[in-house]
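>>> dropping a prediction and its sequence here:
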Amino acid sequence: MTDRTPPLHGVHEGSGATFTDFGGWQMPVEFDSISEEHAAVREAVGAFDVSHMGEIEVSGPDATTLMNRLTTNDVAALDPGDSQYAAITNADGVMLDDTVVYRLPDGTAAGSAAASLSGVDGDLDAPDGDPAYLFVPNAGHDAATLDRWVECRDANGFDAAVENTTADWAMVAVQGPDAAAAMTAAS
């Protein structure tokens, strides 16, 4: 597998990170010392680049139907800005992966959420304010998951755009007993 680099790779490199291969991604594994970083997360707060997780965007008139066909929870229950944990199953109900589904603002075109959140100008709206979602399959599953969504969309004639936007998103997990306080202070 070709090494992929997360969007924050240059930032990590500039901070002196040591990298390791993780599922075909060059991910930072250490900045100072693993012992110090471990203690920080156990005793206070730490941040981890988890950009190797997949990001797939789905939008259009049939986006909700497509998402409900392939995930276990009812995404129609989500308001824009909400999220839910769900399973991705095959036709027999066998769990293939787990995911978090985010409801994006209505009218967000697939492939544009990362751009709109980063302040890029342009026509980012889908027609008529159609529903839009971002979901996060596990690391290394983005290509296969995209294929599955596209195959289901095409087989059923659903009107939905599906795009792999993994390379467009940076994801950071903030963990530890002081994580909530640190995030509240940062906002």
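Great, that's in hand. This is a predicted model, so every value here is computed, not measured. Numbering: from 1, shown residues only.

>>> list the buried residues of the top helix by length along the chain.
The residue-count maximum for a helix in the chain (DSSP state H) belongs to helix 142-156. Buried residues in helix 142-156, counted by 16 or more other CB atoms under 10 Å: 142, 145, 146, 148, 149, 150, 152, 153. For every residue, glycine as well, the C-beta is placed using N, CA and C.

>>> now swap in stretch 81-101 and tell me
84, 86, 88, 96, 97, 99, 101.

>>> so what's the fifth one scoring on pLDDT?
It stands for residue 97. pLDDT, residue 97: 94.

>>> and it, how far from residue 85?
Distance, residue 97 to residue 85, using CB to CB, to the nearest Å: 12 Å.

>>> circling back to that earlier point, and the longest helix of the chain, what does it pack against?
Packing contacts for helix 142-156, counted by 3 or more CB pairs under 8 Å, 6 or more residues apart in numbering; DSSP states H and E, involve strand 56-59, helix 63-70, strand 161-164.

>>> what angle sits between the longest strand seen in the chain and helix 63-70?
Looking across the chain with DSSP state E, the single longest strand is strand 95-104. Inter-element angle recorded for strand 95-104 and helix 63-70: 160 degrees (by axes from the mean of the first three to the mean of the last three CA atoms, to 10 degrees).

>>> pull the distance from strand 95-104 to the chain's centre.
How far strand 95-104 lies from its chain's middle: 9 Å, per CA atoms, centre = their mean, to the nearest Å.

>>> so where's the chain shaky on pLDDT?
1-2, 112-128 (pLDDT under 70).

>>> just the helices in it please.
9-14, 34-43, 63-70, 113-117, 142-156, 179-186.
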